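# using only what follows, build the 3D model:
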Amino acid sequence: MKHPLFTKLAALAAIGLLLLFGLSMIDNVVRDRVRYRSLTAQSVAESLAGPQTLMGPLIHSACVESWDVETGKGDERRMVEQRREFRLTAMPEQLKLTTGAAMEERARGLHKVNTYNLKAQITAQWGSLAALVPQSTIKDSRMHCGAPIVMMAVGDARGIRTAQFTLGSQALALKPGTFHPAYSRGLHAALPESVRGKADGLTATLDLELVGTERLSIVPLGGNTEVLMTSSWPHPSFAGRFLPSEREITKAGFSAQWRLSSLATTAQADIAEGKPVCVGGDSGSAYASTRDSDYSAAAAPAQGPCADSFSIAFVEPVNPYSLSDRAIKYGVLFIALTFVAVGLFEVMKKLRVHPVQYLLVGSALCSFFLLLVSLSEHLPFGVSYAVAASACVLLLGYYASHILGGLARGIPLAGGIGVLYGLLYVLLQLEQTALVVGAVALFLVLAAVMVLTREVNWYGLAQGGTTPPRATPPAARQPTPRTEAA
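Numbering: from 1, shown residues only. Now for the predicted structure:
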């Protein structure tokens, strides 16, 4: 061949594209597994209960104002009744929630989903209940109001296990539903008519046991809201409009406390307007709402602005699939560095490695990522990584010792690949410093390659030579004697 180096580089480029296609196929496998895991979470939610939202307690009463209007003229005059329907709402002045969440793991096949059993004691105090007294807007109108109802809305009522409502020292009979048009899932109890307009207020306590999947949201509905949550889950994710004012996270679990004033949140006005309660508390976010719709609407974006809320997610911060996906992103770098190492042996040791052998080496590197994904579904990620990396290092060391002409050359190559696997594992464990560590390591590898190839005559290689001739210093050159013509 006239230009063997360029021919080989073209073959290696084709092999690189083929290996990239293989990596993309493995990446698709990981994405499919992630999708299956999401379907598992949805399946558990359909069978148990979805993400939960606590909103309340609040007192409301449906009212109707009617009046007579004269219509027509002369003998055709008649009185026609007109009416106005409205709802009176009394928000608590003080709201205190003390909750504890016990985690329960549910599985569908290979995939596991975190569910929780929440035990909450909710105490609400109302001052004056003058907000429940209807005000006439038309002179001589007639006013009729239904019984005051104290309600507690939840995201998925199927998750309610036990509930006990007490008003002062009197236990109230609880019934399903809330009789609220915007937040119909939950429970309620009818209050005596005597509480309407009560000046000295009242206090209600709700003991609630609720199960849900992966996430819990709370609406700070009180004039002053205090929430204390404890759980054995060591990886909480706090989201929504408000972060906890105090929190402590250990390996044994976490505790978090929120203290909120109505001066800092519009939750009371939002609920009075019937705005949806979104899990994340952010306008336009794709979260579940406590409106009367299937909880699986978590996959659909909320329409319009959301009521203020905050949430706690009980999800794995780093799962095997996310780690595997991050590892695959380094696959191209792995293949490139390994090809560079083999190429250096070719140049420095005057060897010839066939493109098919490069293809087999790259295929072994790709197989590592597939082994990692499959093993991590059955074993801890660290163990899976060690097994997959060890298998690939041994295979590549054995093969390299044959294509490079002995163990003395195969073992260093295998050792270098082992160092790469170790560095990749470190990068996967890091979060804040992964970029800087990876950048420094890549710079050191590039520097090593430049030092090792500093005297290579690349023009000689392009012409088919393998020995890098040294240039003769100008001072050492001898002048060519001239021969004069006779």
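# look at Cys63 and give its secondary structure.
strand (DSSP: H, G, I helix; E, B strand; the rest coil).
# which residues touch it?
By CB atoms under 8 Å, 6 or more residues apart in numbering, the contact list for Cys63 reads 85-88, 134, 143-146. For every residue, glycine as well, the C-beta is placed using N, CA and C.
# between those, which is nearest Val426?
For the contacts of Cys63, the closest approach to Val426 (CB to CB) belongs to Arg87, at 59.3 Å.
# follow-up on the earlier one: of the contacts of Cys63, which belong to strands?
Within these, membership in strands is found for 85-88, 143-145, as judged by DSSP state E.
# ok so, going back, who wins for most neighbours among the contacts of Cys63?
The most crowded member of the contacts of Cys63, judged by other CB atoms under 10 Å, is Leu88 (20 neighbours).
# ok, it touching Ser61?
Yes. If you go by CB atoms under 8 Å, Leu88 and Ser61 touch, sitting 4.8 Å apart.
# ok, back up a step: mind putting the ones in strands among the contacts of Cys63 into CSV with distance to Gly22?
Below are the ones in strands among the contacts of Cys63 laid out as CSV (distance: CB to CB, whole Å):
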residue, distance to Gly22
Glu85, 65
Phe86, 66
Arg87, 62
Leu88, 66
Met143, 75
His144, 74
Cys145, 71
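# so can I have TSV of those showing distance to Thr162 and pLDDT?
Shown next, in TSV, are the ones in strands among the contacts of Cys63 (distance: CB to CB, whole Å; pLDDT from 0 to 100):
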residue	distance to Thr162	pLDDT
Glu85	35	91
Phe86	34	91
Arg87	29	92
Leu88	30	92
Met143	38	91
His144	35	92
Cys145	31	91
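# contacts for the one helix or strand Val437 maps to, please.
If you go by DSSP states H and E, Val437 is part of helix 434-452. Contact partners of helix 434-452, identified using CB under 8 Å, 6+ apart, comprise 333, 337, 340, 344, 348, 423, 426-428, 430.
# of those, which pair is most distant in space?
Farthest pair in the contacts of helix 434-452, by CB to CB: Met348 and Leu430, 33.3 Å.
# quick one, phi psi at Ala49?
phi -170, psi 150 (degrees, to the nearest 10).
# from Pro276, how far out is it?
Ala49 sits 19 Å away from Pro276, going by CB to CB, to the nearest Å.
# same for the lengthiest helix in the chain, what does it pack against?
The residue-count maximum for a helix in the chain (DSSP state H) belongs to helix 4-47. Under the contact criterion of 3 or more CB pairs under 8 Å, 6 or more residues apart in numbering; DSSP states H and E, helix 4-47 touches strand 94-108, strand 111-126, strand 202-213, helix 320-328, helix 331-349, helix 355-376, helix 458-462.
# of these, give the one that comes closest to Val393.
Ranking those by their distance to Val393 (criterion: CB to CB) puts helix 355-376 first, at 9.1 Å.
# I'd like the next helix or strand past that closest one.
Next helix or strand after helix 355-376 toward the C-terminus (DSSP H and E): helix 381-403.
# how about the helix or strand just after that next one: buried residues?
Elements were assigned by DSSP H and E; along the chain past helix 381-403, the next helix or strand is helix 407-429. Judged by neighbour count using 16 or more other CB atoms under 10 Å, the buried positions of helix 407-429 are 409-410, 413-414, 416-418, 420-421, 423-425, 427-428.
# nothing else from me, thank you.
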